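S.K.: here is a sequence together with a model predicted from it:
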Amino acid sequence: MAKNVLIDHIDEKVVDKKPTKKGNKTMSAFKKILNGEFLSKKEIIDNLPFFSFVSLLMVLLISWGYYTESIGKTEAKLEKELSELNSEYFTLGSEYNRLSRQTQVAERLKETGLKESTNPPKKIEVNTYVFK
């Protein structure tokens, strides 16, 4: 009797291909997330103020991160500028020290016609009782 051979064979394949409850639950939860059905549950609606508060905290955390990043970039820029100004300060200071030497001053004064004094300065002494 060959009449049931084909049907039994098909039934076995259908039984083997039946999804398990775990896979069905996963697909069902995935569908609920995609169509937004999970948002209408009573637990979600009851906890909506808490979820809003947590969302606000996350937005604040992200904005604080961007703010600190911009402060860090500004700080790095200012440190670079300070380094350049420091090097310019030391360069100008050494140039000033070089130009303020007696020999350099004497050479620059030759162009104006002034000469360096060869006589040492004299000390003027004043009696203290005259001004009291």
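M.R.: Thanks, I have the structure now.
S.K.: most residues in a single helix of this structure, which one?
M.R.: Using DSSP state H to assign secondary structure, the helix with the most residues in the chain is helix 48-99.
S.K.: does the closest residue to Q102 other than its chain neighbours belong to a helix, a strand or coil?
M.R.: Among residues not flanking Q102 along the chain, E116 sits closest, at 8.0 Å (Cβ to Cβ, 6 or more residues apart in numbering). For glycine as for every other residue, the C-beta is placed from the backbone atoms N, C-alpha and C. Following DSSP: H, G, I helix; E, B strand; the rest coil, the label given to E116 is coil.
S.K.: equivalent analysis for the one 10 residues further on, please.
M.R.: Reducing the assignment to helix, strand or coil with three-state DSSP, the entry for V126 is coil.
S.K.: need phi/psi at G36.
M.R.: Main-chain dihedrals, G36, degrees, to the nearest 10: phi 80, psi 10.
S.K.: what confidence value was assigned to P19?
M.R.: Per-residue pLDDT puts P19 at 52.
S.K.: how distant is stretch 113-132 from the center of its chain?
M.R.: 64 Å (Cα atoms, centre = their mean, to the nearest Å).
S.K.: now that stretch: mean pLDDT?
M.R.: Per-residue pLDDT over stretch 113-132 has a mean of 80.
S.K.: with just CA atoms, put it into PDB.
M.R.: Extracted in PDB, the C-alpha atoms of stretch 113-132 (Å, rounded to 0.1, in the frame of the first residue of the first chain):
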ATOM      1  CA  GLY A 113      77.900 112.700  16.700                       C
ATOM      2  CA  LEU A 114      78.000 111.900  20.400                       C
ATOM      3  CA  LYS A 115      81.100 110.400  21.900                       C
ATOM      4  CA  GLU A 116      81.600 108.200  24.800                       C
ATOM      5  CA  SER A 117      83.000 110.000  27.900                       C
ATOM      6  CA  THR A 118      86.600 109.200  28.800                       C
ATOM      7  CA  ASN A 119      86.500 111.000  32.100                       C
ATOM      8  CA  PRO A 120      85.000 109.100  34.900                       C
ATOM      9  CA  PRO A 121      82.000 110.600  36.700                       C
ATOM     10  CA  LYS A 122      82.600 112.700  39.800                       C
ATOM     11  CA  LYS A 123      80.700 112.300  43.000                       C
ATOM     12  CA  ILE A 124      79.200 115.500  44.400                       C
ATOM     13  CA  GLU A 125      79.100 115.600  48.200                       C
ATOM     14  CA  VAL A 126      76.600 117.800  49.900                       C
ATOM     15  CA  ASN A 127      76.600 118.700  53.600                       C
ATOM     16  CA  THR A 128      73.500 117.400  55.300                       C
ATOM     17  CA  TYR A 129      73.100 120.300  57.600                       C
ATOM     18  CA  VAL A 130      72.400 122.800  54.800                       C
ATOM     19  CA  PHE A 131      69.100 121.100  53.800                       C
ATOM     20  CA  LYS A 132      67.800 120.500  57.300                       C
END
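S.K.: fine, thanks again, bye for now.
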